[in-house]
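> Dropping the sequence and predicted coords here.
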Amino acid sequence: MIGLINVGGRKWTAGDLYVKSLLYALQSQPEANKIPVCLFENLKLGINSEAPSSVKNVLRFDIQHFPRGRMPEYLLQFYDFLNDTWQQKKWAVWPKYTFYNILSECGIEMLYPANVCLGGRRISTKKLAWIPDFQELHYPEFFQKKEIKARKKNTFFTLRNADKLIVSNEFSARDICKVHPEYAHKIEVLPFVMYMEEFAKNDPAQVVSKYGLPPKYLIFPAQFWIHKNHRCILEALVWLKKKGYPKIPVVFTGPTHDYRHPTHYLDLQKFIGQYGLENQVFTLGVVNRGDLVQLIRASAAVVQPSFFEGHSALLEDCRTLGKITFVSDIPMHREQQPTHARYFNPLNALQLASLIADEWEALPQGIVLNREQTGLILYHENLKKFALKFKTIYQSAL
């Protein structure tokens, strides 16, 4: 059995979706290929516990703290006990089970992603870690010096203590092998696919109406982090407006806080106000997975202007749904080979504006059925590859 550890939270929903997608991929395989799975979650982090209906019967545990380093687990339990007592304003109940008990009683052979419990002194279970990307190596200006130092320290700690480190693309594998060639034998590349199919059966029109959106729009669903490059889209809209093109609506979804640049979202809002884009930019905040899929399906096209990515979950969704994408021309996107892609320089908003201007009138409104059907066929193939590649890594690490 493998223990999947849910990661992410309100500020990073992609981590939660990644683990749920792997869980779905593993559980959707034929019985002969399945790996028994249990799921560890820290519900107090505000992680979206929404899961595909086909995996809701998986054994799940709420674990608030994982043993790391030399701290005994009873101290972590005591901390949880005091914290619950303080929040409830009455004596809490001592935890009924411990992380070590679960590992032993469930016969868990491996943990993934085990980043949160590397170095636990009593954990003999095999540990697979995951690092999505190494953005700090390429854009240090997006981080404070102390965070870059902490990231590099954490990467070394992870490589030293994990049995294997999974990355999501070859670009990241080259990064880490260049910095730590002595650990190259531990690196495994595992591209992922986001779970989708049960959402693809619903009607997107109801969701579009729910959020009060126009019938035709572009969409960019992503956290408002500085490397996501929302500014490029806004500058493209300004150029189109100055040239007299019809108003093109754009929808943004995702958390609005960037811990590295706390004023980033406010700066974007000021830009929107300064250039009079309020009536064509729709900022929805965090939406659930089901609604997000329908918003992508109903869109005319998707824009992905990021300066840097690991393996883009958004582009995988677009591949599955057969959506046209305006994509930043960066090595990670080229490696991912998204279907129906139009590339532009992420530093050149005029290129993006020109692409949009050339295609807007011809872009179909909403679902293109034949492309979506083809995408869903490809999705099932890629989902199987995702599960089988993970199983191969799992078996090689035992």
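Arrived safely, thanks for sending.

> Which residue ranges make up each domain of this protein?
Following automatic domain parsing, the chain resolves into domains at 2-193+383-397, 199-378.

> pretty sure Y139 contacts N229?
No: contact criterion C-beta atoms under 8 Å: Y139 and N229 do not qualify, at 11.0 Å. All C-beta spots, glycine's among them, are computed from the backbone N, C-alpha and C.

> Have a look at those two and say which one is more surrounded.
N229 (23 against 12; other C-beta atoms under 10 Å).

> quick one, what contacts the more buried one?
For N229, the contacting residues are 305-307, 328, 346, by C-beta atoms under 8 Å, 6 or more residues apart in numbering.

> likewise Y245?
357, 360.

> ok, back up a step: which of the contacts of N229 fall in strands?
Those of those mapping onto strands are S328, per DSSP state E.

> Tell me the one among the contacts of N229 nearest to K153.
F307 (24.1 Å; C-beta to C-beta).

> pretty sure the closest one contacts W225?
No: with contact defined as C-beta under 8 Å, F307 does not count as touching W225 (10.0 Å).

> what about those two, which has more around it?
W225 (24 against 17).

> Leaving out chain neighbours, which residue sits closest to the more buried one?
D258 (4.6 Å; C-beta to C-beta, 6 or more residues apart in numbering).

> How much space separates that neighbour from I219?
20 Å (C-beta to C-beta, to the nearest Å).

> Of those two, give the one with the bigger neighbour count.
Between D258 and I219, I219 has the larger neighbour count (other C-beta under 10 Å), namely 24 against 18.

> Now name the helix or strand holding F326.
strand 325-328 (DSSP states H and E).

> Direction included, what does that strand pair against?
strand 301-304 (parallel), strand 341-344 (parallel) (DSSP bridges).

> contacts for the very next helix or strand once past the first one?
Just to be clear, that refers to strand 301-304. Per DSSP H and E, the first helix or strand lying C-terminal to strand 301-304 is helix 313-321. For helix 313-321, the surrounding residues in contact (C-beta under 8 Å, 6+ apart) are 14, 17-18, 192-194, 196, 200, 221-222, 293, 296-297, 302, 304, 323, 325, 327, 333, 336, 338-340, 367, 371-372, 375-376, 378-379, 382.

> avg pLDDT for the helix or strand following the strand holding F326?
Counting by DSSP H and E, the element after strand 325-328 in chain order, helix or strand, is helix 331-336. Across helix 331-336, the average pLDDT comes to 97.

> for helix 331-336, packing partners?
Helix 331-336 sits against helix 170-179, helix 313-321, strand 341-344, with contacts defined as 3 or more C-beta pairs under 8 Å, 6 or more residues apart in numbering; DSSP states H and E.

> Tell me which of the strands paired with strand 325-328 sits most buried.
Highest mean neighbour count among the strands paired with strand 325-328 (mean count of other C-beta atoms under 10 Å): strand 301-304, with a mean of 25.

> Could you point out which residue ranges in the stretch 1-150 of the chain have low pLDDT?
9-11, 43-57, 64-65, 67-77, 79-81, 83-84, 86-87, 92-98, 119-122 (pLDDT under 70).

> Can you show me the helices along this structure?
Ranges of helices in the chain, per DSSP state H, are 13-27, 73-88, 99-106, 145-161, 170-179, 204-210, 230-242, 264-274, 289-298, 313-321, 331-336, 349-359, 369-397.

> any chance of the ones you listed in TSV, with mean neighbour count too?
Below are the helices of the chain laid out as TSV (neighbours: other C-beta atoms under 10 Å):
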stretch	mean neighbour count
helix 13-27	22
helix 73-88	14
helix 99-106	15
helix 145-161	15
helix 170-179	18
helix 204-210	15
helix 230-242	21
helix 264-274	15
helix 289-298	22
helix 313-321	24
helix 331-336	18
helix 349-359	19
helix 369-397	16
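
> Redo these as JSON lines? Include distance to K126.
What follows is these, written out as JSON lines (distance: least, C-beta to C-beta, whole Å):
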{"stretch": "helix 13-27", "distance to K126": "16"}
{"stretch": "helix 73-88", "distance to K126": "19"}
{"stretch": "helix 99-106", "distance to K126": "11"}
{"stretch": "helix 145-161", "distance to K126": "12"}
{"stretch": "helix 170-179", "distance to K126": "20"}
{"stretch": "helix 204-210", "distance to K126": "42"}
{"stretch": "helix 230-242", "distance to K126": "40"}
{"stretch": "helix 264-274", "distance to K126": "39"}
{"stretch": "helix 289-298", "distance to K126": "30"}
{"stretch": "helix 313-321", "distance to K126": "26"}
{"stretch": "helix 331-336", "distance to K126": "29"}
{"stretch": "helix 349-359", "distance to K126": "45"}
{"stretch": "helix 369-397", "distance to K126": "5"}
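
> out of these, nearest to M1?
Nearest to M1, of those and by C-beta to C-beta, is helix 99-106 at 5.8 Å.

> Check which helices and strands the closest one sits against.
strand 2-5, strand 37-41.

> and I187, which of the helices of the chain is closest to it?
Of all these, helix 170-179 comes closest under C-beta to C-beta, at 5.3 Å.

> Using PDB, write out every CA atom in that closest one.
Below are the C-alpha coordinates for helix 170-179, written out as PDB (Å, rounded to 0.1, in the frame of the first residue of the first chain):
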ATOM      1  CA  GLU A 170      12.700  17.000 -18.300                       C
ATOM      2  CA  PHE A 171      13.500  20.700 -17.900                       C
ATOM      3  CA  SER A 172      13.300  20.400 -14.100                       C
ATOM      4  CA  ALA A 173      15.300  17.100 -14.200                       C
ATOM      5  CA  ARG A 174      18.100  18.900 -16.000                       C
ATOM      6  CA  ASP A 175      18.000  21.700 -13.500                       C
ATOM      7  CA  ILE A 176      18.500  19.500 -10.500                       C
ATOM      8  CA  CYS A 177      21.100  17.200 -12.200                       C
ATOM      9  CA  LYS A 178      23.100  20.300 -13.000                       C
ATOM     10  CA  VAL A 179      23.100  21.600  -9.400                       C
END
